[in-house]
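Enquirer: This is a predicted model, with the sequence first.
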Amino acid sequence: MPNVLFLQINLLLKEYLSSGDKEEALRCLKELEVPHFHHELVYEAVVMVLEVDNVLCADMMCILLHYMAKVVVITPEHFKQASLVLLFVTYLHVVHKVVVLPVGFQTGVPGPYGHRFGCSKCIPDIV
């Protein structure tokens, strides 16, 4: 079941990026009926921004997350849960890169540094 939810959340975010329709994204998230899993949307949105590394994508995700926070579908607790997962994944990435991988070896996974996630316009309102 969680794998299906991951896929549905990922598809929801991709659809939002192509349409820009935040109300439809909200409707789709509510339709999943898994409020205890909304932190995964926050996590996947941030990961998608890091993978795409595109200012437009970052801005659109900020708009979506801000909107969902304003209508209280995503709570500060969801942001906190997603942040903890992101910190843990970043820690594992750094440990793996520093301790395990030989010099010059590329994983294809974006590193935790040097990415643009320009959410300064919306984060203070919701956290």
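Expert: Received it, and whenever you're ready, just let me know what you need.
Enquirer: Run a quick neighbour tally on residue 75.
Expert: Neighbour count for residue 75, taken as other CB atoms under 10 Å: 16. To be clear about C-beta, it is placed using only N, CA and C from the backbone, and glycine gets the same treatment.
Enquirer: So it is in contact with residue 69, correct?
Expert: Yes. Counting by CB atoms under 8 Å, residue 75 touches residue 69, with 7.5 Å between them.
Enquirer: Show me where the chain has its helices.
Expert: Assigned by DSSP state H, the helices in the chain fall at 2-19, 22-32, 38-52, 55-70, 76-95, 123-126.
Enquirer: would you turn those helices into CSV with mean pLDDT and mean neighbour count?
Expert: Formatted as CSV, the helices of the chain follow (pLDDT from 0 to 100; neighbours: other CB atoms under 10 Å):
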stretch, mean pLDDT, mean neighbour count
helix 2-19, 91, 14
helix 22-32, 95, 15
helix 38-52, 88, 21
helix 55-70, 91, 18
helix 76-95, 74, 14
helix 123-126, 43, 12
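Enquirer: got a list of what the nearest residue to residue 61 once chain neighbours are set aside touches?
Expert: Spatial nearest neighbour of residue 61, excluding adjacent residues (CB to CB, 6 or more residues apart in numbering): residue 45 at 4.6 Å. Taking CB atoms under 8 Å, 6 or more residues apart in numbering, we find residue 45 in contact with 13, 61, 64, 65.
Enquirer: Now do residue 47 against residue 53, distance only.
Expert: Here the criterion is CB to CB, to the nearest Å. By it, residue 47 lies 11 Å from residue 53.
Enquirer: Quick check: the two most widely separated of the contacts of residue 45?
Expert: Among these, the pair separated by the greatest distance (CB to CB) is 13 and 65, at 10.4 Å.
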